[in-house]
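Novice: need coordinates for the following:
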Amino acid sequence: MTDVTIYHNPRCTKSRQTLELLRSKGIEPTVVEYLKTPPSAAELTAILGKLGKGPRDILRAKEAAEAGIAKDLDGEALVAAMVANPSAIERPIVVKGDQARVGRPPESVLEIL
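Specialist: This next block holds a predicted model:
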């Protein structure tokens with residue numbers, strides 16, 4: 001079985017619910033507290049590829065504004081800004097193999113399990 005990873009923020013209700021859902025299905029994922037250990041630009045780019053999304057699609061607008069991330073950034077510059085300000089990355093993100101889903105709602109991650 002392929003390993004499952006959750007990019008998790010323990011202070012986020014949806015992130016906690018998604019982790020609980022995975023565990024209720026007998027899955028003990030690798031938990032990455034991405035605020036403490038942000039993904040590298042290469043890792044975030046790979047996650048975006050697995051999600052089938054661009055960086056703006058997983059950008060938390062309020063947190064991006066608070067971090068001073070310019071609204072006109074895109075591509076590699078936006079990925080770099082998100083890595084430098086991980087609170088601006090949508091959460092949680094669950095990755096399994098070559099697929100990923102944002103856990104909003106938490107049940108959406110079941111598609112890839």
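
Novice: for Cys12, give me its contacts.
Specialist: Residues near Cys12 by CB atoms under 8 Å, 6 or more residues apart in numbering: 91-92. In short, each C-beta sits where N, CA and C put it, glycine included.

Novice: ok, now with 6 Å
Specialist: Taking CB atoms under 6 Å, 6 or more residues apart in numbering, we find Cys12 in contact with Arg91.

Novice: not counting sequence-adjacent ones, nearest residue to the most centrally placed residue in the chain?
Specialist: Residue closest to the average C-alpha location in the chain (CA atoms, centre = their mean): Ile93, at 3.3 Å. The shortest distance from Ile93 to any non-neighbouring residue, by CB to CB, 6 or more residues apart in numbering, is to Tyr7 (4.3 Å).

Novice: bridged to the one you found, which residues?
Specialist: Beta bridges link Tyr7 to Val32, Ile93, judged by DSSP bridges.

Novice: shouldn't it be in contact with Tyr34?
Specialist: Yes. Using CB atoms under 6 Å, Tyr7 is in contact with Tyr34, at 4.5 Å.

Novice: quick one, which of these two is more surrounded?
Specialist: Using other CB atoms under 10 Å as the criterion, Tyr7 and Tyr34 rank with Tyr7 on top: 29 against 22.

Novice: quick check: the gap between that one and Val94.
Specialist: Relative to Val94, Tyr7 is positioned 8 Å away (CB to CB, to the nearest Å).

Novice: just Ala46 next, same as before
Specialist: Distance from Ala46 to Val94, by CB to CB: 14 Å.

Novice: neighbour count for those two, which is higher?
Specialist: Neighbour totals were compared for Ala46 and Val94, and Val94 leads with 28 against 15 (other CB under 10 Å).

Novice: nearest residue to that one in space, please, no chain neighbours.
Specialist: Val94 sits nearest to Val109 (CB to CB, 6+ apart), 4.2 Å away.

Novice: and if you look at Glu111?
Specialist: Nearest residue to Glu111, sequence neighbours excluded (CB to CB, 6+ apart): Arg101, at 6.1 Å.

Novice: so Gln17 makes contact with Ser108?
Specialist: No. Here Gln17 lies out of contact with Ser108, judged by CB under 6 Å, at a distance of 11.4 Å.

Novice: many thanks, we can stop here.
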